[in-house]
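Visitor: Take this sequence and fold it.
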Amino acid sequence: MKKSILLVLFTLVSIVTQAQEIKWMTMKEAVAAQKKNKKPIFIDAYTVWCGPCKMLDKNTFSDEKVVKLINEKYNAVKFNAEGNEEIQFGGKLYKNPSYQEARKNSRNGFHEFAAFIGVQAYPNMIVFDKDGKKIKDILGYKTPEQLISEL
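Guide: Residues are numbered from 1 along each chain as shown. Take a look at the predicted model:
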C-alpha cells in the first residue's frame, strides 16, 4: 500500500514538474510551428559560460507564470549564441565559422545568427513577429515580474 501511494505521489510530482517547463524548440521547429499557429517567436540567446543566463533559467524560466505566458503566447527558442548549430532563417543559412569544439564549455566564436538578430549582451531575449520582424529586444537578467511586464 505504501509503495502504491509513493508511486502515485511520484507520478503527480513528475506531472506538475513537467507542466512548469517552457517548451523550448529549435529555430527550425519554431518557424514551422509559427506557420501553423501564427505565434511570435521568443528567442533566449544565451551562452554556456554566462552566469546571468543560468540565473534566468533557474529563477525566471522556471516561474509558473512565465512558463504559462511563454508557452501560450510564443514559440520559444533556446539559442546558444556561441554554439555550433546551423540555422536556416529568412532564406539564409547561418553558421558559426569561428566555433571551436575544444572550447564548447567556455567562451567561443560569435554565431552569425546572433549577429543577424542583434545580440548585444547575454542574456538577450528577442521576439520576432509572424513576418520575421524583430519587435522586442530584452537585455540582461530579468526577474519573473520584470520579464512578464516586458512581454
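Visitor: tell me the phi and psi of K136?
Guide: Here is the backbone geometry of K136 (degrees, to the nearest 10): phi -150, psi 150.
Visitor: and what of the one 10 residues further on?
Guide: Per-residue torsions, Q146: phi -60, psi -40 (degrees, to the nearest 10).
Visitor: Please shift the residue numbers so they start at 183 in all later answers.
Guide: Renumbered: residue one is now 183, and that last one reads Q328.
Visitor: Check it and give its pLDDT.
Guide: Per-residue confidence (pLDDT) for Q328: 98.
Visitor: for N287, same thing?
Guide: 90.
Visitor: Over to the closest residue to it other than its chain neighbours. Which of the three states is it?
Guide: Of all residues not flanking N287 in the chain, V230 sits nearest, at 5.8 Å (CB to CB, 6 or more residues apart in numbering). The C-beta positions use only the backbone N, C-alpha and C, and glycine is treated the same way. Following DSSP: H, G, I helix; E, B strand; the rest coil, we place V230 in the coil state.
Visitor: Same question for the one 4 residues further on.
Guide: Put simply, P234 is helix when judged by three-state DSSP.
Visitor: give the contact list for it.
Guide: Y304, P305, G322, Y323 (CB atoms under 8 Å, 6 or more residues apart in numbering).
Visitor: middle-most residue in the protein, spatially?
Guide: By CA atoms, centre = their mean, the chain has its centre lying nearest to K260, at 2.8 Å.
Visitor: Wasn't that one part of a strand?
Guide: Yes: inclusion of K260 in a strand is indicated when three-state DSSP is applied.
Visitor: Can you give me every residue that contacts it?
Guide: W206, D226, Y228.
Visitor: Return the helix or strand in the protein with minimum mean pLDDT.
Guide: helix 184-201 (a mean of 53; mean pLDDT, DSSP states H and E).
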